[in-house]
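Colleague: model this:
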Amino acid sequence: MNYRNSKETIETENARQAAKYNENIQIWQAANDTMHEKFNVELAASEEALEKLYALNFIYPKYRTLPALTSICEYFMSGRCTALEGPNGAYNLYENELRMNTVISQLSTIIENLEAIKQNQYMLYQQVSYMTGTVQAIHNEVCQIKGYSITIAQLTSLNAYYSAVTARNAQIMTLCHIL
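Modeller: Below is the predicted model:
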């Protein structure tokens, strides 16, 4: 008799847990789909802003990479260059530093050697560090969410991040319209 009662109690609890699990999976899936929709909208807006900026053809297509752009930007900010083209231009300086292995052009290599590039490509180091920190913060937040029940309200920091991305895209679009 005791065995049957225990068995029935366990089966009832298992059924209750299975129902709760299925409900949580549905809630999680809905929240996951909503998040992916929002992420895709923000990603598309960022890509559109970037394409419009590139369409102005200020930067030669070969140099439209994060390592090249941050290096070139750093050349201008530090006063090492005042033009993109020419023998003393940023493109030429970047190519020379590539040949001398002073700068690293492959993003995968940059991530592996982040501390090593800190000396020669400081701006790139800062951007990659910022991106790594942002991705880690997002990862940590997602890992902290308990169970399967995820709500958009729990992802406020992601919303804040994407609001900042939207604001930056608006600045870029304004600049594109001005130019």
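Colleague: Can you name every helix or strand that the helix ranked longest in the chain contacts?
Modeller: In the chain, assigned by DSSP state H, the helix with the most residues is helix 2-55. Counting contacts by 3 or more CB pairs under 8 Å, 6 or more residues apart in numbering; DSSP states H and E, helix 2-55 packs against helix 156-178. Yep, even glycine has a C-beta here, placed from its N, CA and C like the rest.
Colleague: For the helix it packs on, name the packing helices and strands.
Modeller: helix 2-55, helix 122-144.
Colleague: still on that earlier bit, and the angle for the longest helix of the chain with helix 156-178?
Modeller: Between helix 2-55 and helix 156-178, the angle comes out at 20 degrees (axes from the mean of the first three to the mean of the last three CA atoms, to 10 degrees).
Colleague: quick one on the thing from earlier: kindly reformat the helices and strands packed on helix 156-178 as JSON lines containing mean pLDDT.
Modeller: Below are these laid out as JSON lines (pLDDT from 0 to 100):
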{"stretch": "helix 2-55", "mean pLDDT": "87"}
{"stretch": "helix 122-144", "mean pLDDT": "70"}
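Colleague: could you dump the ones you listed to a markdown table with mean neighbour count?
Modeller: Shown next, in a markdown table, are the helices and strands packed on helix 156-178 (neighbours: other CB atoms under 10 Å):
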| stretch | mean neighbour count |
| --- | --- |
| helix 2-55 | 12 |
| helix 122-144 | 13 |
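Colleague: out of these, nearest to residue 171?
Modeller: Nearest to residue 171, of all the helices and strands packed on helix 156-178, is helix 2-55, at 8.9 Å by CB to CB.
Colleague: Return the distance of the closest one from the chain's centre.
Modeller: 22 Å (CA atoms, centre = their mean, to the nearest Å).
Colleague: go on, stretch 50-66?
Modeller: Distance, centroid of stretch 50-66 to centroid of chain: 19 Å (CA atoms, centre = their mean).
Colleague: could the helices and strands packed on helix 156-178 go into JSON lines alongside distance to residue 99?
Modeller: Output for the helices and strands packed on helix 156-178, formatted as JSON lines (distance: least, CB to CB, whole Å):
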{"stretch": "helix 2-55", "distance to residue 99": "25"}
{"stretch": "helix 122-144", "distance to residue 99": "18"}
